[in-house]
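Chemist: Show me the folded form of this:
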Amino acid sequence: MWRGRGKGPALEQIATIAGEASAEAAVALERADRTLDRLPPPVDLTAAAFFDVDNTMMMGASIFHFARGMAARKFFTTSDLARFALQQVAFRIGGRETHDGIRNARESGLSFVAGHSVAELMSLGEEIYDELMADKIWPGTRALAQMHLDAGQRVWLVTATPVDLATIIARRLGLTGALGTVLESENGVYTGRLVGEMLHGPAKAHAVRALAAREGLNLRRCAAYSDSANDVPMLSVVGTAVAVNPDGSLREAARKRGWEIRDFRTGRKAAKIGVPSVLGAGALAGAVAAGLAYRKRAT
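Modeler: Here you go, the predicted model:
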């Protein structure tokens, strides 16, 4: 988990902006789905459940799977990937862990969408989910989500993955919607910039609070599920916190705080799929680099 220098009001404000933007986008997308009769009306209006995605709902990192699929479809050019790789190497070797440095590195990791339409990315995302992601959902976590749905509650994914792509995962799982990183777009075309910052760490907690305020949720009646200690802020704002497939730090925190622990991994699978879910500069670099390797094999 990155612990940058100079944390203060400015960082808190940016995390708040990211959370509020994510909540606004999530509500808009959820209402569109409800208008199209894709979702049953909730019965329990003041309770909801929030699920992290990477290694909680899904094996591995969702952005990694999306990167592989987009690379195979030649969504990236070789020059795009080479430029991004050079930026990441320069940052990781010589960069300082300042907020601006982290933000610039993260934005460069999403700059490949600049100039592409939202509709295009959503269409590709639908295909990639079927091809690379559908069989990576943890049945145990999916069952937990269904438990909340059966109780008439809304169920939201909360992830650093772009909200448009996260919404695809939520729809395919029959969930209410998703809180995710908001990519700026103008007239339906991505600019390559973020609104606020990545929805990660404290920003997830802000997003959950913002959504609760918009939807009239009682956070004490809500539940949250995650595998990572980075999500302790989110887990701490709800009445029921559950560590799912937890990393060592979260397992320790859960034991100290009396949180429930659910582990759906076998020892073999845990070792095999232990892909870090933190979407910092390094994780994004790894995802796109893996996508480039996948593209080379596919051509």
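
Chemist: Which stretches in the stretch 101-250 of the chain count as helices?
Modeler: Taking DSSP state H, counting those that start in this stretch, the helices of the stretch 101-250 of the chain run over residues 118-128, 139-150, 163-172, 202-215, 232-236, 248-257.

Chemist: what pLDDT, on average, does stretch 17-32 get?
Modeler: The average pLDDT for stretch 17-32 rounds to 78.

Chemist: CA atoms only for it, dumped as CSV, please.
Modeler: C-alpha atoms of stretch 17-32 as CSV (Å, rounded to 0.1, in the frame of the first residue of the first chain):
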residue,chain,number,x,y,z
ILE,A,17,-14.0,14.4,-5.4
ALA,A,18,-13.3,10.9,-6.7
GLY,A,19,-15.8,9.4,-4.3
GLU,A,20,-18.5,11.8,-5.1
ALA,A,21,-17.9,11.5,-8.8
SER,A,22,-18.1,7.8,-8.5
ALA,A,23,-21.3,7.9,-6.6
GLU,A,24,-22.9,10.3,-9.1
ALA,A,25,-21.9,8.0,-12.0
ALA,A,26,-23.1,4.9,-10.2
VAL,A,27,-26.5,6.3,-9.5
ALA,A,28,-26.9,7.5,-13.0
LEU,A,29,-26.0,4.1,-14.5
GLU,A,30,-28.2,2.3,-12.0
ARG,A,31,-31.2,4.5,-12.8
ALA,A,32,-30.7,3.9,-16.5
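
Chemist: For that stretch, which outside residues touch it?
Modeler: Stretch 17-32 is touched from outside by 39, 156, 163, 167, 176-182, 194-199, 203-211, 214-215, with contacts defined as CB atoms under 8 Å, 6 or more residues apart in numbering. (Glycine included, C-beta is placed from N, CA and C.)

Chemist: Report the separation between residue 167 and residue 182.
Modeler: Here residue 167 is placed at a distance of 11 Å from residue 182 (CB to CB, to the nearest Å).

Chemist: Just want the most central residue of this structure.
Modeler: Nearest residue to the geometric centre of the chain (CA atoms, centre = their mean): residue 159, 1.9 Å.
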